[in-house]
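Asks: I need the structure of the sequence given here:
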Amino acid sequence: MNPDEIRTSLSSISTLWTVVCKAHGESEGVSSAQGQLLHRYSRAIHRYLLGALHDAEAAEELSQEFALRFIRGDFRRADPQRGRFRDFVKGVLSHLVADHYRKKVRSPTLPADAPEPAAPDPASDKEFLYVWRAEVLQHAWDELAELERATGKPFYTALRFHADHPELRSAQQAEHLSKQLRMRVTAVWVRQALHRAREKFVELIVRAVLETISHPAVDELEGELGELGLLKYCKPALKRLRGEK
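Replies: Numbering: from 1, shown residues only. Sure, this is the predicted structure:
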């Protein structure tokens, strides 16, 4: 994308807050919007709950509870003016974890002399950021793979192989990729493909993060990328968004 296209995208992008509002509306797209959000963040939600509860069965149960409450419309009063989309998700999950532990304390099946359940130990902000960062990156990888399927350009294959085998030189990667792609590629081709793939990957990361902030603006985007530890990879993209050379 050239700078004008990027800035146009920045001003017109549909944030996940938009989808949240649509998911609790009365339009024909409600079901689709709900499915989009739940599918997009099911991995992050389950991973967060598993880290908070250390109990796979309970994590799955609360993941389903989150989905049920969302579909039922319990979050219709969520306000994008109160903060980032990830803060909204974390707040909902923290309440689910707290409710889970309160139910354990009140459980009538516990013997009278049983020790009290452990105090709630939800994942820390740092741990939640790690989970959210992993989800942003995974989403970018998924989108890059989808782009490759749609266009035939091996961006995902080249970048994924490089990420998995960073110790290999370009000529060695070319040898392996030639077999994987069933076409003869050179070291020069590998370097060019990686350059284009990295640019596209960063663009997908930026878009994924833009979708999670309430007001798509460069300064807010930069702050969020910084908190997620992704800023150093995205600085060239931010310069293009600002129209800098």
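
Asks: by contact count, what packs against the helix ranked longest in the chain?
Replies: Longest helix in the chain, counting residues (DSSP state H): helix 125-151. On a contact count with 3 or more C-beta pairs under 8 Å, 6 or more residues apart in numbering; DSSP states H and E, helix 125-151 meets helix 30-53, helix 85-106, helix 155-164, helix 187-210. In short, each C-beta sits where N, CA and C put it, glycine included.

Asks: Any stretches of this protein with poor pLDDT?
Replies: Within the chain, the ranges that satisfy pLDDT under 70 run 1-29, 76-83, 105-124, 214-216, 245.

Asks: redo that, cut-off 80
Replies: Residues of the chain meeting the criterion pLDDT under 80: 1-37, 70-85, 104-126, 211, 213-217, 242-245.

Asks: Quick one: residues contacting K153.
Replies: By C-beta atoms under 8 Å, 6 or more residues apart in numbering, the contact list for K153 reads L147, R196.

Asks: Numbering from 805 from now on, please.
Replies: In the new numbering, first residue 805, that becomes K957.

Asks: which SS class is it?
Replies: coil (DSSP: H, G, I helix; E, B strand; the rest coil).

Asks: can you redo the helices and strands packed on helix 929-955 as CSV with distance to E952 and mean neighbour count?
Replies: Shown next, in CSV, are those (distance: least, C-beta to C-beta, whole Å; neighbours: other C-beta atoms under 10 Å):
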stretch, distance to E952, mean neighbour count
helix 834-857, 20, 18
helix 889-910, 28, 17
helix 959-968, 4, 18
helix 991-1014, 9, 19
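
Asks: Let's have those in JSON lines, adding distance to K1043.
Replies: Output for the helices and strands packed on helix 929-955, formatted as JSON lines (distance: least, C-beta to C-beta, whole Å):
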{"stretch": "helix 834-857", "distance to K1043": "28"}
{"stretch": "helix 889-910", "distance to K1043": "25"}
{"stretch": "helix 959-968", "distance to K1043": "21"}
{"stretch": "helix 991-1014", "distance to K1043": "12"}
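
Asks: I'd like to know which of those lies nearest to E864.
Replies: helix 834-857 (7.1 Å; C-beta to C-beta).

Asks: Would you mind getting the angle between that closest one and helix 929-955?
Replies: With axes from the mean of the first three to the mean of the last three C-alpha atoms, to 10 degrees applied, the angle from helix 834-857 to helix 929-955 works out at 140 degrees.

Asks: tell me which residues in stretch 866-874 are buried?
Replies: Applying a neighbour-count criterion of 16 or more other C-beta atoms under 10 Å, one finds L866, S867, E869, F870, F874 buried in stretch 866-874.

Asks: What about those residues, which are in helices?
Replies: L866, S867, E869, F870, F874.

Asks: Identify the farthest-apart pair in these.
Replies: Among these, L866 and F874 lie farthest apart (C-beta to C-beta), at 12.5 Å.

Asks: circling back to that earlier point, which one of the helices and strands packed on helix 929-955 lies nearest to H943?
Replies: Nearest to H943, of the helices and strands packed on helix 929-955 and by C-beta to C-beta, is helix 991-1014 at 4.9 Å.

Asks: What lies in contact with that closest one?
Replies: 805, 813-814, 817, 819, 940-941, 943-945, 947-948, 951, 957-960, 962-963, 966, 973-975, 977-978, 981, 989, 1020, 1025, 1028-1029, 1032, 1034, 1037-1038, 1040-1042, 1045.

Asks: Please put the alpha-carbon coordinates of it into CSV.
Replies: Output of helix 991-1014 as CSV, limited to C-alpha atoms (Å, rounded to 0.1, in the frame of the first residue of the first chain):
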residue,chain,number,x,y,z
ALA,A,991,19.3,-16.9,-2.9
VAL,A,992,18.4,-13.5,-4.5
TRP,A,993,14.8,-14.6,-4.8
VAL,A,994,14.7,-15.6,-1.2
ARG,A,995,16.0,-12.2,0.0
GLN,A,996,13.5,-10.4,-2.2
ALA,A,997,10.6,-12.6,-1.2
LEU,A,998,11.5,-12.2,2.5
HIS,A,999,11.7,-8.4,2.1
ARG,A,1000,8.2,-8.3,0.6
ALA,A,1001,6.8,-10.9,3.0
ARG,A,1002,8.1,-8.9,6.0
GLU,A,1003,6.5,-5.7,4.7
LYS,A,1004,3.2,-7.5,4.2
PHE,A,1005,3.4,-9.2,7.6
VAL,A,1006,4.0,-5.8,9.4
GLU,A,1007,1.1,-4.3,7.5
LEU,A,1008,-1.1,-7.2,8.8
ILE,A,1009,0.2,-6.7,12.4
VAL,A,1010,-0.6,-3.0,12.2
ARG,A,1011,-4.1,-3.6,10.8
ALA,A,1012,-4.8,-6.3,13.6
VAL,A,1013,-3.8,-3.8,16.3
LEU,A,1014,-5.7,-0.9,14.7
